Every structure is written in structure tokens, then in C-alpha cells.
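Undergrad: Have a look; sequence and predicted model below, questions after that.
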Amino acid sequence: RGMRVTENDLQQYQLNQHILNRSFLSASVERQVAEMFAGEGQQLKMRQTIDHRPIQFSCLCQYLVKQKSTCLNIQHLSMRPEEKEVLILPFTVFKIIKKKTNYLEDPASSISVEIELEECEDNNDDNDKKEETCKREDESLGLIFIFVIKNGSSGPVRMTTFPPQIDDEGMQ
């Protein structure tokens, strides 16, 4: 599923912020599935103010997953296997590395906003502390929830998610 967000929701997604995922996120490895759930091409039909300013925006997110243990492929368990669903596990930290607001350049854009997020890897030290590190790799972008799995498969990810609550230190 894609997501539709408000402008206030979008303000929570700031470049270089870290977001902690607190629940399972449903996503698809097929970009077309993610775009469908985002409301691709439906921006002009989404909620607007009386003066025709958008209240909702279609949003597509691309997640770069670096650790195999971060997500589960549940396509074989799904009632809709054609959606190629994966679940991102709770308590995964992502860094926002790119945010593209297509609607500013073209109000009729098929996807209003695209966000690229990269998983922060956990490295254990001798004291069993975890240090999060984010390394930027060049990858293709998408928003609403496109998923890229480091083992090579890539495409949009269908996700059920709510806008993050981010504190002053950039954590949700």
C-alpha cells in the first residue's frame, strides 16, 4: 500500500533525520503496487481546500534495506501473492537521504512526493553497545514505499505506516 499524507506529515520527513520504525511496515518489491497504493495519478482528486490547495499528497518511499534480518518476504503467505509483499520489522532505524517534492514543479504529477530512506546498520562493540551508522549508496529513488533489498532485488514497497513522530534529536 502506498500512503497519502498531509503537508504536516511531510514536514516530519527532513533530510538527514533518523526515523525509528515502531511497528511492522508492509511493503511490496513491485514499484507499480506501491504507486497504486499511493494514489498514483489521483492527486487532482485528493482532498483540497476551497481554494484548491492540496490537503493530501501521494507519497512513495523507497527503503534501502542493508541487513537480511530487517525484513521478511511474506509473498507465499499472502492472500494476494501478486503484490509481492514484504514486512519491515519493528525497531529498524532509517535515515532520510532524499526527499523530492514533485508537486511543487508539477501539481498534476502522478506521485506528489518521493522519499528515499536508508537503513542504519547496527554494529556491536565489546560492551554489547550498538552504534548506528548510515552510509550513502547511489540507488534509484521512489516514495510511498518502494523497497530495495540489498541482496539485489529492488522495486517499490507497499507499506502500511503512519507519519513518524520525531524528537529534537531526530529520532522517532
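TA: Cool, the structure landed.
Undergrad: contacting residues around stretch 39-59?
TA: Applying C-beta atoms under 8 Å, 6 or more residues apart in numbering, the external contacts of stretch 39-59 come out as 2-7, 10, 38, 103, 107-115, 143-144. Using the backbone N, CA and C atoms, a C-beta is placed for each residue, glycine as well.
Undergrad: Mark which of these are part of helices, please.
TA: Using DSSP state H, the subset of those located in helices is 7, 10, 38, 103.
Undergrad: Quick one: neighbours of the first one, just the number.
TA: Neighbour count of residue 7, defined by other C-beta atoms under 10 Å: 12.
Undergrad: Not counting its neighbours along the chain, what's nearest it?
TA: Residue nearest to residue 7 in three dimensions, not counting chain neighbours: residue 57, with 7.3 Å by C-beta to C-beta, 6 or more residues apart in numbering.
Undergrad: Same check on the second one?
TA: Excluding its sequence neighbours, the residue lying closest to residue 10 (C-beta to C-beta, 6+ apart) is residue 113, at 6.1 Å.
Undergrad: I'd guessed that neighbour sits against residue 102; true?
TA: Yes: under the criterion of C-beta atoms under 8 Å, residue 113 makes contact with residue 102 at 6.6 Å.
Undergrad: higher neighbour count, the two?
TA: Legend: neighbour count by other C-beta under 10 Å for residue 113 and residue 102, higher for residue 113 (25 against 19).
Undergrad: Okay, buried residues for stretch 80-94 please.
TA: For stretch 80-94, burial by neighbour count (16 or more other C-beta atoms under 10 Å) applies to 83, 84, 85, 86, 87, 88, 92, 93, 94.
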